[in-house]
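Engineer: What follows is a predicted structure for the sequence shown.
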Amino acid sequence: MEVKEALGQLDLLQKKLYAYNAASSSLYLDSVTVAPKDTAEGRGVALGILAGESQKLLTDEKTGELLSFLQEHRGELSEIERREVEELQRSYRQLVQIPADEYMEYAMLTNEASDVWHKAKETSDFELFRPVLERLVAFNRKFAGYYDKEKKPYDALLNEYERGTDMEFLDAFFGEVREKLVPLIEKIGQAEQIDDSFLHRHYPVESQRRFSDYLMEVMGLDRGHCTIGETEHPFTLEFNNQDVRITTNYKEDSVADSMYSVIHEGGHAKYELGIRDEFQYTVLAGGVSMGVHESQSRFYENIIGRSRAFVEAIFPKMQEFFPEQLGDVTAEQMYRAVNKVQPSLIRTESDELTYSLHVMIRYEIEKQLIGGTLEVKDVPKVWNRLYKEYLGVDVPDDKHGCLQDSHWSGGSFGYFPSYALGSAYGAQMLQNMEKDIDVWGPVSKGDLSVVSGWLKDKVHQYGSFLEPADVVKNACGTFDPSVYTDYLTKKYTELYRL
């Protein structure tokens, strides 16, 4: 075989894998947006077959031979081609360990689990979800062994979302968060509280939809390549850098919820839309890790979206969308309201300061579930205890407790820590960004193009071409969690005049 012929086969292999993934993504998008409720069975059959065919393609003996041949001739490959082969070989070695029947069964299980989770959440009934969660945990324990027999099971799963991360690293990171932020949260609890009552007036959904369109415009999201939908749990789904979908959820008595979910998911979309064209339809397309991806969504949502400069810039327009609700409110009141610290039940609705404690609770539970020291039946009890211990709140029911997130129903064990890491990465990106450019001048005028340009240069353009650690180093330098806790301490000490 000639190298040129092999590269042609490599290109076709990656496009076929893209096609299977695009088909599965389309079915998922439909299932959580517009599909009728009781239609999971048919999708399960289709998703199972698509997952099986994708695995069969990647683990085929001929694929292994192709990748080995290209690895042997790596000196004749471009830097991009070498990286493609490395990533495919990593996936090949991993998937070839998983029996095809188990892989298909798991794909069908996650489809079933999504349907069951929605019903369980609606009725606040953990017992309805418990049997399927037990199967998901068992599968993930088993798959962790397939992924890397040398690692502890949860470390192997963490590595799927943030390569190079393990429990030792995260224990130290969350230790820093707990040590520095819990005392600050307690001090704020004793300070004069911020009035955010105007955020909970009646905000018609149709007006919120128009406001979402405006926010996407401010973020520079081209509606020809990025649409917005509505679903129970907001998410972003990328097909390629010309086709990204974001979703949100509207509550008529809480305008900030959708506002910041749009900005958050818009941050994910900016990342995907900014990846180089040459990586499309290959394994190098898509964000490099969940931590890096969350750094982008959390950066836009909190560091920019909740800054005084940004709020003051968009507030006059916000008053146009909601004249009755915000006619008696000032930009400064809005800034303080959207940054109010109030320990709460729901992660996606939590403030910037307490957010990582929500993540830490999930991390501790996942670590025990996969480690075998916590049984699924005891998850609600442990969840409720940790919320009381870390955040001082009582959990009234499963809907507002352990059933609030969709991640476990999708089999995403090891994902949650990425949210907190992303927040920490973002704070350090800001520190470096401020050394290179004028951040707040343009933002105060509602112009995010300079900020987005810096992020595209340091993060977005690379997709998965670089390793996660290299992207973090490129944008952050040497990672230091104290930069994150110092950023929060400074911001909230000033905000609450401590």
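Structural biologist: Sure thing, it's come through. Numbers count the residues shown, from 1 in each chain.
Engineer: Quick check: Gly287 touching Glu272?
Structural biologist: Yes. Counting by C-beta atoms under 8 Å, Gly287 sits close enough to Glu272 to count as a contact (6.8 Å). No exception for glycine: its C-beta is placed from N, CA and C like everyone else's.
Engineer: And Val182, what's its pLDDT?
Structural biologist: We have a pLDDT of 89 for Val182.
Engineer: State the number of residues packed around it.
Structural biologist: Using other C-beta atoms under 10 Å, the number of residues around Val182 comes to 14.
Engineer: swap in Ala19?
Structural biologist: Based on other C-beta under 10 Å, the number of other residues close to Ala19 is 15.
Engineer: Secondary structure element for Glu238, which one?
Structural biologist: Following DSSP states H and E, the helix or strand that holds Glu238 is strand 236-240.
Engineer: List of residues touching that strand?
Structural biologist: Around strand 236-240, the neighbours that count as contacts under C-beta atoms under 8 Å, 6 or more residues apart in numbering are 18, 22, 25, 28-29, 244-247, 265, 268-269, 272, 280-281, 285-286, 297.
Engineer: and the residue nearest to His400 when sequence neighbours are not counted, backbone torsions?
Structural biologist: Excluding its sequence neighbours, the residue lying closest to His400 (C-beta to C-beta, 6 or more residues apart in numbering) is Leu345, at 4.6 Å. Here the main-chain torsion angles of Leu345 (degrees, to the nearest 10) amount to phi -90, psi -30.
Engineer: check contacts around Leu345.
Structural biologist: Tyr387, Val393, Val395, Pro396, His400, Gly401, Gln404.
Engineer: Number of residues surrounding Val34?
Structural biologist: For Val34, the neighbour count with other C-beta under 10 Å is 10.
Engineer: returning to what we had before: after the strand holding Glu238, which helix or strand is next?
Structural biologist: Toward the C-terminus, strand 236-240 is succeeded by strand 243-248 as the next helix or strand (DSSP H and E).
Engineer: Pull up the pairing partners for that next one, direction included.
Structural biologist: strand 226-230 (parallel), strand 236-240 (antiparallel) (DSSP bridges).
Engineer: Let me know which of those strands is the nearest to Ser444.
Structural biologist: Ranking those by their distance to Ser444 (criterion: C-beta to C-beta) puts strand 226-230 first, at 25.0 Å.
Engineer: For the closest one, list the C-alpha coordinates in CSV.
Structural biologist: These are the backbone C-alpha positions of strand 226-230, laid out as CSV (Å, rounded to 0.1, in the frame of the first residue of the first chain):
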residue,chain,number,x,y,z
CYS,A,226,-26.1,28.5,15.0
THR,A,227,-29.7,28.0,16.0
ILE,A,228,-31.4,28.0,19.4
GLY,A,229,-34.0,25.5,20.7
GLU,A,230,-35.8,24.8,23.9
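Engineer: Please identify the buried residues of that strand?
Structural biologist: Cys226, Ile228, Glu230 (16 or more other C-beta atoms under 10 Å).
Engineer: okay if I get the residues you listed as TSV plus pLDDT and distance to Arg130?
Structural biologist: Shown next, in TSV, are those (pLDDT from 0 to 100; distance: C-beta to C-beta, whole Å):
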residue	pLDDT	distance to Arg130
Cys226	98	37
Ile228	97	34
Glu230	94	29
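Engineer: Quick one: residues contacting Val283.
Structural biologist: Applying C-beta under 8 Å, 6+ apart to Val283 gives the contacts Gln14, Leu17, Glu84, Glu87, Leu88, Ser91, Ser464.
Engineer: so how far is Glu65 from it?
Structural biologist: Val283 sits 18 Å away from Glu65, taking C-beta to C-beta, to the nearest Å as the criterion.
Engineer: Could you pull out the helices in the stretch 151-300 of the chain for me?
Structural biologist: Counting by DSSP state H, counting those that start in this stretch, one finds helices in the stretch 151-300 of the chain at the ranges 153-161, 167-190, 205-218, 255-273, 290-298.
Engineer: Which of these sits closest to Thr493?
Structural biologist: Going by C-beta to C-beta, the one of the helices of the stretch 151-300 of the chain nearest Thr493 is helix 167-190, 7.6 Å.
Engineer: The closest one vs helix 153-161, what angle?
Structural biologist: Our comparison of helix 167-190 with helix 153-161, counting by axes from the mean of the first three to the mean of the last three C-alpha atoms, to 10 degrees, yields an angle of 80 degrees.
Engineer: Now do helix 167-190: which elements does it pack against?
Structural biologist: Taking 3 or more C-beta pairs under 8 Å, 6 or more residues apart in numbering; DSSP states H and E as contact, the helices and strands that helix 167-190 lies on are helix 153-161, helix 355-371, helix 417-436, helix 481-495.
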